[in-house]
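In: Sequence isn't available, so here's the structure alone:
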(Lines give C-alpha, C1' and ligand atoms only; values in the text may rest on other atoms or scores of the structure.)
Protein backbone atom coordinates (compact mmCIF):
# COMPACT_ATOMS: atom_id res chain seq x y z
CA UNK A 1 0.00 0.00 0.00
CA UNK A 2 1.55 3.31 -1.03
CA UNK A 3 2.32 5.80 1.73
CA UNK A 4 0.77 9.22 1.43
CA UNK A 5 3.62 11.73 1.78
CA UNK A 6 1.30 14.39 3.17
CA UNK A 7 -0.11 12.08 5.89
CA UNK A 8 3.38 10.92 6.88
CA UNK A 9 4.54 14.52 7.18
CA UNK A 10 1.56 15.40 9.35
CA UNK A 11 2.25 12.37 11.59
CA UNK A 12 5.94 13.29 11.96
CA UNK A 13 5.07 16.88 12.77
CA UNK A 14 2.56 15.76 15.40
CA UNK A 15 5.12 13.40 16.94
CA UNK A 16 7.79 16.10 17.03
CA UNK A 17 5.35 18.54 18.62
CA UNK A 18 4.41 15.99 21.30
CA UNK A 19 8.09 15.16 21.93
CA UNK A 20 8.93 18.84 22.22
CA UNK A 21 6.11 19.28 24.70
CA UNK A 22 7.34 16.35 26.78
CA UNK A 23 10.92 17.65 26.73
CA UNK A 24 9.81 21.08 27.89
CA UNK A 25 7.54 19.60 30.54
CA UNK A 26 10.13 17.20 31.95
CA UNK A 27 12.87 19.82 31.70
CA UNK A 28 10.91 22.05 34.04
CA UNK A 29 10.24 19.04 36.26
CA UNK A 30 13.95 18.12 36.30
CA UNK A 31 14.99 21.70 37.08
CA UNK A 32 12.35 21.87 39.81
CA UNK A 33 13.55 18.54 41.22
CA UNK A 34 17.17 19.74 41.35
CA UNK A 35 16.13 22.98 43.04
CA UNK A 36 13.95 21.02 45.47
CA UNK A 37 16.85 18.68 46.32
CA UNK A 38 19.23 21.57 46.96
CA UNK A 39 16.72 23.49 49.07
CA UNK A 40 15.72 20.33 50.95
CA UNK A 41 19.35 19.46 51.68
CA UNK A 42 20.00 22.95 53.03
CA UNK A 43 16.79 22.96 55.08
CA UNK A 44 17.63 19.52 56.53
CA UNK A 45 21.09 20.73 57.61
CA UNK A 46 19.64 23.92 59.07
CA UNK A 47 16.96 21.99 60.94
CA UNK A 48 19.57 19.57 62.32
CA UNK A 49 21.72 22.42 63.65
CA UNK A 50 18.70 24.26 65.04
CA UNK A 51 17.37 21.21 66.88
CA UNK A 52 20.84 20.44 68.23
CA UNK A 53 21.34 24.01 69.44
CA UNK A 54 17.80 24.26 70.83
CA UNK A 55 18.10 21.08 72.87
CA UNK A 56 21.41 22.37 74.20
CA UNK A 57 19.55 25.17 75.99
CA UNK A 58 17.58 22.61 78.01
CA UNK A 59 19.37 22.16 81.33
CA UNK A 60 20.65 18.62 81.87
CA UNK A 61 19.66 17.37 78.41
CA UNK A 62 22.03 14.59 77.41
CA UNK A 63 24.56 15.24 74.62
CA UNK A 64 23.93 11.84 73.08
CA UNK A 65 20.19 12.43 72.73
CA UNK A 66 20.86 15.83 71.18
CA UNK A 67 22.79 14.12 68.37
CA UNK A 68 20.13 11.42 67.99
CA UNK A 69 17.07 13.71 67.73
CA UNK A 70 18.82 16.20 65.43
CA UNK A 71 19.83 13.38 63.05
CA UNK A 72 16.30 11.91 63.09
CA UNK A 73 14.90 15.31 62.04
CA UNK A 74 17.52 15.66 59.29
CA UNK A 75 16.90 12.25 57.74
CA UNK A 76 13.14 12.67 58.06
CA UNK A 77 13.28 15.88 56.03
CA UNK A 78 15.52 14.26 53.41
CA UNK A 79 13.10 11.34 52.98
CA UNK A 80 10.21 13.78 52.60
CA UNK A 81 12.18 15.74 49.97
CA UNK A 82 12.89 12.57 47.97
CA UNK A 83 9.17 11.69 47.97
CA UNK A 84 8.33 15.21 46.77
CA UNK A 85 10.93 14.97 43.99
CA UNK A 86 9.45 11.70 42.77
CA UNK A 87 6.03 13.35 42.84
CA UNK A 88 7.38 15.96 40.41
CA UNK A 89 7.60 13.21 37.80
CA UNK A 90 4.07 11.95 38.34
CA UNK A 91 4.85 9.08 40.72
CA UNK A 92 1.92 8.50 43.09
CA UNK A 93 2.65 8.98 46.80
CA UNK A 94 0.74 5.83 47.71
CA UNK A 95 2.90 3.85 45.33
CA UNK A 96 6.03 5.33 46.88
CA UNK A 97 4.93 4.42 50.39
CA UNK A 98 4.05 0.89 49.27
CA UNK A 99 7.42 0.56 47.53
CA UNK A 100 9.24 1.82 50.62
CA UNK A 101 7.34 -0.69 52.76
CA UNK A 102 8.19 -3.58 50.45
CA UNK A 103 11.81 -2.48 50.19
CA UNK A 104 11.99 -2.13 53.95
CA UNK A 105 10.70 -5.67 54.43
CA UNK A 106 13.18 -7.08 51.94
CA UNK A 107 16.07 -5.11 53.41
CA UNK A 108 15.03 -6.14 56.91
CA UNK A 109 15.17 -9.80 56.00
CA UNK A 110 18.52 -9.40 54.26
CA UNK A 111 20.13 -7.23 56.93
CA UNK A 112 19.02 -8.78 60.20
CA UNK A 113 22.38 -8.05 61.81
CA UNK A 114 22.11 -4.39 60.87
CA UNK A 115 18.64 -4.18 62.38
CA UNK A 116 20.00 -5.71 65.57
CA UNK A 117 22.58 -2.92 65.65
CA UNK A 118 19.80 -0.36 65.25
CA UNK A 119 17.79 -1.96 68.06
CA UNK A 120 20.91 -2.02 70.24
CA UNK A 121 21.59 1.63 69.38
CA UNK A 122 18.07 2.60 70.46
CA UNK A 123 18.53 0.73 73.75
CA UNK A 124 21.91 2.41 74.33
CA UNK A 125 20.35 5.81 73.72
CA UNK A 126 17.40 5.01 75.99
CA UNK A 127 19.23 3.44 78.94
CA UNK A 128 22.48 5.40 78.44
CA UNK A 129 25.07 3.12 80.05
CA UNK A 130 27.62 5.59 78.69
CA UNK A 131 27.60 9.13 77.33
CA UNK A 132 29.82 11.15 75.03
CA UNK A 133 33.16 11.91 76.70
CA UNK A 134 33.06 8.99 79.15
CA UNK A 135 35.77 6.34 79.25
CA UNK A 136 34.41 2.79 79.08
CA UNK A 137 35.58 -0.78 78.69
CA UNK A 138 33.37 -3.35 76.96
CA UNK A 139 35.04 -6.71 76.45
CA UNK A 140 38.19 -6.09 74.43
CA UNK A 141 37.05 -2.57 73.47
CA UNK A 142 38.17 0.38 75.61
CA UNK A 143 38.19 4.10 74.93
CA UNK A 144 36.44 7.46 75.28
CA UNK A 145 33.01 7.75 73.66
CA UNK A 146 32.97 10.25 70.79
CA UNK A 147 29.65 9.53 69.09
CA UNK A 148 26.75 7.09 69.51
CA UNK A 149 24.94 6.39 66.25
CA UNK A 150 22.08 4.12 65.29
CA UNK A 151 24.42 1.53 63.76
CA UNK A 152 27.76 1.92 65.56
CA UNK A 153 29.57 3.86 68.26
CA UNK A 154 32.80 5.81 67.75
CA UNK A 155 35.51 5.59 70.41
CA UNK A 156 39.04 6.91 70.84
CA UNK A 157 41.61 4.92 72.83
CA UNK A 158 44.18 6.47 75.17
CA UNK A 159 46.74 5.93 72.37
CA UNK A 160 44.60 8.05 70.04
CA UNK A 161 43.37 5.09 67.95
CA UNK A 162 39.96 5.39 66.28
CA UNK A 163 37.49 2.55 66.97
CA UNK A 164 34.11 2.00 65.30
CA UNK A 165 32.25 -0.61 67.36
CA UNK A 166 28.88 -2.14 66.30
CA UNK A 167 26.16 -1.29 68.80
CA UNK A 168 25.21 -4.95 69.17
CA UNK A 169 28.72 -5.71 70.46
CA UNK A 170 28.48 -2.97 73.08
CA UNK A 171 24.95 -3.90 74.14
CA UNK A 172 25.51 -7.65 74.60
CA UNK A 173 28.44 -7.35 77.04
CA UNK A 174 28.90 -5.82 80.50
CA UNK A 175 29.95 -2.17 80.40
CA UNK A 176 32.62 -0.83 82.76
CA UNK A 177 32.21 2.94 82.91
CA UNK A 178 35.23 4.55 84.56
CA UNK A 179 33.81 8.09 84.43
CA UNK A 180 30.15 7.84 85.39
CA UNK A 181 30.52 7.94 89.20
CA UNK A 182 32.87 10.91 89.07
CA UNK A 183 35.46 9.46 91.51
CA UNK A 184 37.96 6.60 91.40
CA UNK A 185 40.00 4.73 93.97
CA UNK A 186 43.72 4.16 93.56
CA UNK A 187 45.99 1.69 95.37
CA UNK A 188 49.75 2.26 95.37
CA UNK A 189 51.79 -0.67 96.72
CA UNK A 190 55.40 -0.38 97.92
CA UNK A 191 57.59 -3.18 99.26
CA UNK A 192 60.09 -2.23 101.98
CA UNK A 193 62.61 -4.26 103.92
CA UNK A 194 61.23 -6.01 106.99
CA UNK A 195 63.97 -4.34 109.10
CA UNK A 196 62.45 -0.88 108.46
CA UNK A 197 60.02 0.89 110.79
CA UNK A 198 56.63 -0.11 109.39
CA UNK A 199 54.71 2.61 111.27
CA UNK A 200 57.09 5.20 109.88
CA UNK A 201 56.50 3.89 106.35
CA UNK A 202 52.72 4.13 106.76
CA UNK A 203 52.96 7.67 108.15
CA UNK A 204 55.17 8.67 105.21
CA UNK A 205 52.60 7.40 102.71
CA UNK A 206 49.76 9.18 104.50
CA UNK A 207 51.75 12.40 104.62
CA UNK A 208 52.23 12.57 100.86
CA UNK A 209 48.55 11.73 100.33
CA UNK A 210 47.35 14.46 102.69
CA UNK A 211 49.68 16.98 101.04
CA UNK A 212 48.16 16.35 97.59
CA UNK A 213 45.20 18.65 96.80
CA UNK A 214 43.74 16.25 94.23
CA UNK A 215 43.33 13.50 96.84
CA UNK A 216 39.86 13.62 98.36
CA UNK A 217 39.50 14.01 102.10
CA UNK A 218 36.34 11.89 102.16
CA UNK A 219 36.84 8.95 102.11
CA UNK A 220 40.10 9.67 103.87
CA UNK A 221 43.29 8.07 102.52
CA UNK A 222 44.59 5.05 104.44
CA UNK A 223 47.87 3.12 104.52
CA UNK A 224 48.00 -0.53 105.57
CA UNK A 225 50.09 -3.69 105.40
CA UNK A 226 49.01 -5.61 102.31
CA UNK A 227 51.35 -8.59 102.53
CA UNK A 228 54.40 -10.14 104.14
CA UNK A 229 57.38 -11.74 102.43
CA UNK A 230 60.49 -13.50 103.69
CA UNK A 231 62.39 -10.22 104.01
CA UNK A 232 59.90 -7.64 102.80
CA UNK A 233 56.70 -5.95 103.90
CA UNK A 234 54.19 -4.70 101.30
CA UNK A 235 52.57 -1.40 102.19
CA UNK A 236 49.56 -0.05 100.28
CA UNK A 237 48.34 3.53 100.11
CA UNK A 238 44.66 3.79 99.20
CA UNK A 239 43.08 7.11 98.27
CA UNK A 240 40.27 8.58 96.14
CA UNK A 241 40.42 11.23 93.42
CA UNK A 242 38.11 12.60 90.76
CA UNK A 243 37.94 10.44 87.63
CA UNK A 244 39.55 13.21 85.58
CA UNK A 245 42.61 13.36 87.89
CA UNK A 246 43.09 9.60 88.22
CA UNK A 247 46.10 8.97 85.96
CA UNK A 248 47.95 12.23 86.62
CA UNK A 249 47.63 11.86 90.39
CA UNK A 250 48.74 8.22 90.30
CA UNK A 251 51.92 9.10 88.38
CA UNK A 252 52.80 11.93 90.77
CA UNK A 253 52.07 9.90 93.91
CA UNK A 254 54.33 7.00 92.87
CA UNK A 255 57.21 9.39 92.29
CA UNK A 256 56.63 11.22 95.59
CA UNK A 257 56.46 7.93 97.50
CA UNK A 258 59.87 6.92 96.15
CA UNK A 259 61.42 10.31 96.96
CA UNK A 260 59.84 10.38 100.44
CA UNK A 261 61.17 6.92 101.29
CA UNK A 262 64.65 7.92 100.14
CA UNK A 263 64.54 11.03 102.35
CA UNK A 264 63.31 9.04 105.34
CA UNK A 265 65.99 6.39 104.88
CA UNK A 266 63.41 3.65 104.26
CA UNK A 267 65.00 1.17 101.91
CA UNK A 268 63.18 -0.66 99.15
CA UNK A 269 64.97 -4.01 98.81
CA UNK A 270 66.37 -5.10 95.49
CA UNK A 271 65.66 -8.59 94.15
CA UNK A 272 68.35 -11.13 95.14
CA UNK A 273 71.09 -11.67 92.55
CA UNK A 274 70.80 -14.72 90.38
CA UNK A 275 73.27 -17.51 91.27
CA UNK A 276 74.75 -19.06 88.13
CA UNK A 277 73.99 -22.73 87.85
CA UNK A 278 76.88 -25.16 87.87
CA UNK A 279 76.97 -27.85 85.28
CA UNK A 280 77.19 -31.40 86.59
CA UNK A 281 80.17 -33.20 85.05
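Out: It's in. A quick note: this is a predicted structure, and the numbers were derived from the prediction, not measured.

In: Please tell me how far stretch 38-58 is from the chain's geometric centre.
Out: On the basis of Cα atoms, centre = their mean, to the nearest Å, stretch 38-58 sits 22 Å off its chain's mean C-alpha point.

In: brain fart, stretch 76-83
Out: Relative to its chain's centre, stretch 76-83 lies at 28 Å (Cα atoms, centre = their mean).

In: Buried residues in that stretch, which are they?
Out: By neighbour count on 16 or more other Cβ atoms under 10 Å, the buried set for stretch 76-83 is 77-78, 81-82. Every C-beta, even on glycine, is put in place using the N, C-alpha and C of the backbone.

In: Count the neighbours of residue 70 for me.
Out: Around residue 70 there are 19 other residues, counting by other Cβ atoms under 10 Å.

In: Wait, it touches residue 46, no?
Out: No. Counting by Cβ atoms under 8 Å, residue 70 does not reach residue 46; the two are 11.0 Å apart.

In: Now, the buried residues of stretch 76-83 that are in helices?
Out: 77-78, 81-82 (DSSP state H).

In: May I have the phi/psi pair for residue 58?
Out: The phi/psi pair for residue 58 (degrees, to the nearest 10) reads phi -80, psi 120.

In: nope, residue 236 is what I meant
Out: phi -120, psi 130.

In: from the ones in helices among the buried residues of stretch 76-83, which is closest to residue 218?
Out: Top of the list for closeness to residue 218, among those and by Cβ to Cβ, is residue 77 at 51.0 Å.

In: Just the buried positions in stretch 155-172, please.
Out: 155, 165-171.

In: dump the residue contacts of the residue nearest the centre of the chain.
Out: Central residue of the chain (Cα atoms, centre = their mean): residue 145, 3.2 Å from the mean position. Listed by Cβ atoms under 8 Å, 6 or more residues apart in numbering, the contact partners of residue 145 are 130-136, 153-155.

In: Ok, residue 130 next?
Out: The neighbours of residue 130, taking Cβ under 8 Å, 6+ apart as the test, are 124, 136, 145, 148, 175, 177, 180.

In: Out of those residues, which sit inside helices?
Out: Filtering the contacts of residue 130 for helices - DSSP H - leaves residue 124.

In: Please convert the contacts of residue 130 to CSV, extending it with distance to residue 54 and pLDDT.
Out: Conversion of these to CSV gives the following (distance: Cβ to Cβ, whole Å; pLDDT from 0 to 100):
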residue, distance to residue 54, pLDDT
124, 23, 87
136, 28, 95
145, 23, 93
148, 20, 86
175, 30, 93
177, 28, 94
180, 26, 91
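
In: List buried residues within the contacts of residue 130.
Out: Buried members of the contacts of residue 130, scored by 16+ other Cβ under 10 Å, are 124, 136, 145, 148, 175, 177.

In: Among those residues, which one lies nearest to residue 31?
Out: Ranked by distance to residue 31 (Cβ to Cβ), the buried ones among the contacts of residue 130 are led by residue 148 at 39.8 Å.

In: Just give the number of residues close to the closest residue to residue 264 other than its chain neighbours.
Out: Nearest non-adjacent residue to residue 264, counting by Cβ to Cβ, 6 or more residues apart in numbering: residue 204, 5.4 Å away. Per other Cβ under 10 Å, the neighbour tally for residue 204 reads 23.

In: hang on, the earlier thing: can you redo the contacts of residue 130 as TSV, where the extra columns are distance to residue 254?
Out: Shown next, in TSV, are these (distance: Cβ to Cβ, whole Å):
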residue	distance to residue 254
124	36
136	25
145	28
148	35
175	29
177	25
180	26
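
In: Just the contacts of residue 130: which are in strands?
Out: Those of those mapping onto strands are 136, 145, 148, 177, per DSSP state E.

In: The first one reaches residue 143, doesn't it?
Out: So that's residue 136. Yes. With contacts counted by Cβ under 8 Å, residue 136 reaches residue 143, the gap being 7.4 Å.

In: which residues are common contacts for the two?
Out: In contact with both residue 136 and residue 143: residue 155, using Cβ under 8 Å, 6+ apart.
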